[in-house]
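In: below are the sequence and a predicted model for it; my questions follow.
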Amino acid sequence: MTNNSDNIDQSFNFSFFKSVDKKQIRWGYMKSNTSCKYFNNLTKEWDLAKKDGTTKNKENIEDNCKGIILLLNGRTEFMEKYKSVASKLSSMGYHVMSLDWRGQGLSVRELPNQDKGYVKDFQLYINDLELFFNLYVAPLSIKLKLPITILAHSMGGHITLKFLSQVYEDKNKIDTLNIEKVILISPMIDIITSPINKYFADIFTNWGTRLLANIALNFKLGASYIPGGKDYSIENAKFENNPLTHDWDNFWLEHKEISKNRKLALGGVTWGWLKAAFDSIDALNDKDILSKIRTAIWILSAEKDRVVSNKAQKQICQNLPNGKFISIPNSRHEILFETEGIKTLLWENITNILTNNYI
């Protein structure tokens, strides 16, 4: 398998929608390079749907692409960073749809200091995803009679599992879901807390960091950075021994996009975000809820991950009826932005999953 499609230069088409709590969320799409002409008029119909929930054109339209990829990124990330990933998927024959999570990218920032990574509750992420799915992704799937695949990285993988767990709790939603399969890349099932612990005594492990987060919230410090957290600065970015990628160019990709638009930048996490993350992680470990998710889910795990827990990823696969675990050797957290050899293996696995070569 070659990587020639990485060199195809395509861009997202961007727009915005209002969340349930009336906040501005940015979303985007990149159509398949084998798309039917109908897609060119789709934004007009989406605009109508935003007003009254309907579109004028009711008939189903045949489309010669393979499906829809809902591409969901991780913490600090934004759609511009994923242009090459989306372009590759487009060249493979898929429509790609994505969004910026609230608190990052060009979606709403909820604190006066917009560099602070903050969310009050992870349920807000899930609400935004569900609304986006219902407004744009599902209608396109129905109209073009195309299956949906979710491809999610890190925090996006966590939100995907929470989204699916809530959908499967509501039996009325399952039949209209049309999500054929899910690919989670380095999903945030649990986080490795050593970046915090180094500022405290060695006795503070995962439980200790959780305790500190609870204490910080009790003292109304939810909007404060955790120890070591700070505003974004390119001077703080160091390639040497970074936990994200072995690839020099891909390491600087996010920073190059930020140099074009400083509003894309995000700094460290706050106690509020960390407490919300821990609460959501705990809720995700409910075996009864996970056992109801019938969608086929592949976890592509980074062998050398120092950001999220591989052990937790393996454990959750045992609680998913159709969970499958694949480890990508020698890879750090951002496998999609790793060296060519690692990416080639990753894309071989993604392609096999998309083409049903994995049972």
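Out: Arrived safely, thanks for sending.
In: torsion angles phi and psi at the nearest residue to residue 18 once chain neighbours are set aside?
Out: Setting aside the residues directly before and after it, residue 18 is nearest to residue 24 in space (Cβ to Cβ, 6 or more residues apart in numbering), at 6.6 Å. Where C-beta positions appear, they are placed from N, C-alpha and C, glycine not excepted. Backbone torsions of residue 24, given as degrees, to the nearest 10, read phi -90, psi 120.
In: likewise for residue 18?
Out: Backbone torsions of residue 18, given as degrees, to the nearest 10, read phi -90, psi 130.
In: repeat for the one 10 residues further on
Out: Per-residue torsions, residue 28: phi -160, psi 160 (degrees, to the nearest 10).
In: same check, this time on residue 95
Out: Per-residue torsions, residue 95: phi -70, psi 140 (degrees, to the nearest 10).
In: and for it, the neighbour number?
Out: Neighbourhood size, residue 95 [other Cβ atoms under 10 Å]: 28.
In: contact partners for it?
Out: By Cβ atoms under 8 Å, 6 or more residues apart in numbering, residue 95 lies in contact with 29-32, 35, 39, 65, 67-69, 140, 144, 146.
In: give me the lowest-pLDDT entry from those.
Out: Of all the contacts of residue 95, residue 35 has the smallest pLDDT value, namely 59.
In: can you give me the helices for the stretch 151-300 of the chain?
Out: 155-169, 171-174, 194-197, 206-218, 248-260, 271-284, 287-290 (DSSP state H, counting those that start in this stretch).
In: comparing those, which gets the lowest mean pLDDT score?
Out: Among the helices of the stretch 151-300 of the chain, helix 194-197 carries the lowest mean pLDDT, at a mean of 48.
In: and the residue lying closest to residue 316 once chain neighbours are set aside, how close does it get to residue 116?
Out: Computed as Cβ to Cβ, 6+ apart, the closest residue to residue 316 that is not its neighbour in sequence is residue 189, at 5.1 Å. The gap separating residue 189 from residue 116 is 24 Å, by Cβ to Cβ, to the nearest Å.
In: swap in residue 169?
Out: For residue 169, the distance to residue 116 - Cβ to Cβ - is 32 Å.
In: could you look up the SS state of residue 26?
Out: Under DSSP: H, G, I helix; E, B strand; the rest coil, the three-state class of residue 26 is strand.
In: these two touch, right, it and residue 79?
Out: Yes - in this structure, residue 26 is within contact of residue 79 by Cβ atoms under 8 Å, at 7.5 Å.
In: for these two, indicate the residue with more neighbours.
Out: Taking neighbours as other Cβ under 10 Å, residue 26 and residue 79 compare with residue 79 leading, 26 against 21.
In: quick one: contacts for that one?
Out: Here residue 79 is in contact with 12, 14, 26, 28, 73, 86, 98-100, 105 (Cβ under 8 Å, 6+ apart).
In: of these, which belong to helices?
Out: residue 86 (DSSP state H).
In: out of the contacts of residue 79, which is nearest to residue 279?
Out: When these are ranked by distance to residue 279 (Cβ to Cβ), residue 73 comes first, at 21.5 Å.
In: my guess is residue 298 contacts residue 181, does it?
Out: Yes - here residue 298 reaches residue 181: they are 7.2 Å apart, a contact under Cβ under 8 Å.
In: which of those two has more residues huddled nearby?
Out: Between residue 298 and residue 181, residue 298 has the larger neighbour count (other Cβ under 10 Å), namely 22 against 19.
In: bridged to the more buried one, which residues?
Out: On the basis of DSSP bridges, residue 298 is bridged to residue 183, residue 324.
In: contacts only, for it.
Out: By Cβ under 8 Å, 6+ apart, the contact list for residue 298 reads 181-184, 323-326, 349, 353, 358.
In: separation between it and residue 82?
Out: 19 Å.
In: any residues in contact with both of residue 26 and residue 79?
Out: 14, 99-100, 105.
In: of those, which belong to strands?
Out: 14, 99 (DSSP state E).
In: make a markdown table out of the shared contacts of residue 26 and residue 79 and add distance to residue 276, pLDDT and neighbour count.
Out: Below are the shared contacts of residue 26 and residue 79 laid out as a markdown table (distance: Cβ to Cβ, whole Å; pLDDT from 0 to 100; neighbours: other Cβ atoms under 10 Å):
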| residue | distance to residue 276 | pLDDT | neighbour count |
| --- | --- | --- | --- |
| 14 | 27 | 96 | 16 |
| 99 | 19 | 98 | 30 |
| 100 | 18 | 98 | 24 |
| 105 | 18 | 98 | 28 |
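In: which one of the shared contacts of residue 26 and residue 79 is nearest residue 133?
Out: Of those, the one sitting nearest to residue 133 (Cβ to Cβ) turns out to be residue 99, at 9.7 Å.
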